[in-house]
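J.: Have a look; sequence and predicted model below, questions after that.
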Amino acid sequence: MNASFSLRFKAFIIDYILILIYLVGLFIFSVFLSPFLQKFFTGSLIVAQVTGFLLVTLPVSLYFIISDSNVVEQSFGKRKVGIRVVGNKEEALTMPHATFRTILKFLPWELSHFFVYRLIYIGDGEVPFTQYLLAGLIYVLIFAYILTAVFTRKKQSLYDIVAKTHVVKV
């Protein structure tokens, strides 16, 4: 049986509490224990983007890739609410399949990081039209992900449809 949007949302909240704890720890580490890391965010735009990816996006993505794959089969939040991600034939996801799904899932998140870094770099200057288009794309993806998870028959988010996965009750 497919998991409802409310179950998916509960799992999301639980997992993001764990991610928030990681981010707070990373903040404390980078501000108080290793302030040298801050220079990576204030110099080159590319260095800031790569540093953000390596310290935030990659660890969070790895958490979901490993958790949702056949290695663990459920993230902590999904285990707590009794759901898991499977392929269209109810099979556990392979590592490459879980990786593809996670890349799609976090695409708006990473695009928003890219967007914010560009806005910081622009400062008080005029925002190029392409940045407005990027912001629009981010919101379109976010709303499409949410609305498809709510309104599709199998309660699949757009990234689940593309990745040929769905979330089921265990």
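T.: Everything's here; your move.
J.: So which residues of the protein form helices?
T.: 5-28, 39-42, 45-52, 58-68, 76-81, 95-122, 129-151, 158-163 (DSSP state H).
J.: need those in a markdown table with mean pLDDT and mean neighbour count, can you?
T.: Quick note: C-beta positions are derived from backbone N, CA and C, even for glycine. Shown next, in a markdown table, are these (pLDDT from 0 to 100; neighbours: other C-beta atoms under 10 Å):
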| stretch | mean pLDDT | mean neighbour count |
| --- | --- | --- |
| helix 5-28 | 94 | 15 |
| helix 39-42 | 74 | 13 |
| helix 45-52 | 82 | 15 |
| helix 58-68 | 95 | 18 |
| helix 76-81 | 96 | 19 |
| helix 95-122 | 88 | 17 |
| helix 129-151 | 92 | 14 |
| helix 158-163 | 95 | 19 |
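J.: a markdown table please, covering those and showing distance to residue 87.
T.: Below are these laid out as a markdown table (distance: least, C-beta to C-beta, whole Å):
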| stretch | distance to residue 87 |
| --- | --- |
| helix 5-28 | 17 |
| helix 39-42 | 38 |
| helix 45-52 | 31 |
| helix 58-68 | 11 |
| helix 76-81 | 15 |
| helix 95-122 | 7 |
| helix 129-151 | 17 |
| helix 158-163 | 9 |
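J.: among those helices, which is nearest residue 170?
T.: helix 76-81 (8.3 Å; C-beta to C-beta).
J.: by contact count, what packs against the closest one?
T.: helix 5-28, helix 58-68 (3 or more C-beta pairs under 8 Å, 6 or more residues apart in numbering; DSSP states H and E).
J.: looking at the helices of the chain, which is closest to residue 169?
T.: helix 5-28 (7.2 Å).
J.: Measure how that closest one sits relative to helix 129-151, angle-wise.
T.: On the basis of axes from the mean of the first three to the mean of the last three C-alpha atoms, to 10 degrees, helix 5-28 is oriented at 140 degrees to helix 129-151.
J.: Contacts only, for the residue most central in space within the chain.
T.: What sits nearest the mean C-alpha location of the chain, by C-alpha atoms, centre = their mean, is residue 106, with 3.3 Å. Residue 106 is in contact with 57, 60, 61, 64, counting by C-beta atoms under 8 Å, 6 or more residues apart in numbering.
J.: For residue 69, which residues count as its bridge partners?
T.: residue 93 (DSSP bridges).
J.: Correct me if wrong: it contacts residue 98.
T.: Yes. With contacts counted by C-beta atoms under 8 Å, residue 69 reaches residue 98, the gap being 3.8 Å.
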